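Asks: Just a sequence and a predicted model for now, questions to come.
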Amino acid sequence: MTTQKASQLFEDIIQQSRKLKVPGLDIEAVLQGRRKDVEALLDVGRIGKQGAESIASNQVDMLRNALEDFRGVLSLQAGADASRVDASHHAAKRALDSIGELADIVLKSQAAALEVASRRVRESIEELKSQLNNQAPKPAK
């Protein structure tokens, strides 16, 4: 479901809910809050998808590089042991660097998704506080 479809769905529900009159309950505000929740979940999903795509793309590149490095090690002449050792060290370092890059991508993707979800939770708490304050009985004078 896209953000646009979710927004339209909630707009339709809000239009229908305006017909309902529940004393002390602002149905429109409640539904607007839930719409924001769905939009935040869609954003989290989008961020996760982008992170997965980035990881997959990088893994393909890293595999290609590792195979090229391996081919380079195998192509060295049998008598060039020092060159093979250097090439092997280079290939191993490159592979470890690639693993570090993947870990960074995963961490950034997870942090971005968590930030979206955390922000929406904070907003929901503030919305709930506001609704409770608006519904609190007024002191008698």
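Replies: Okay, I see it.
Asks: which SSE is the closest residue to Ala95 other than its chain neighbours in?
Replies: Among residues not flanking Ala95 along the chain, Ala66 sits closest, at 5.7 Å (C-beta to C-beta, 6 or more residues apart in numbering). Bear in mind the C-beta positions are built from the backbone N, C-alpha and C, glycine included. Element membership for Ala66 (DSSP states H and E) is helix 27-75.
Asks: Was I right to think the residue nearest to Ala95 contacts His90?
Replies: No. Here Ala66 lies out of contact with His90, judged by C-beta atoms under 8 Å, at a distance of 11.2 Å.
Asks: coming back round to it: the following helix or strand past the helix holding Ala66 versus helix 27-75: what angle between them?
Replies: Next helix or strand after helix 27-75 toward the C-terminus (DSSP H and E): helix 81-135. Counting by axes from the mean of the first three to the mean of the last three C-alpha atoms, to 10 degrees, helix 81-135 points 180 degrees away from the direction of helix 27-75.
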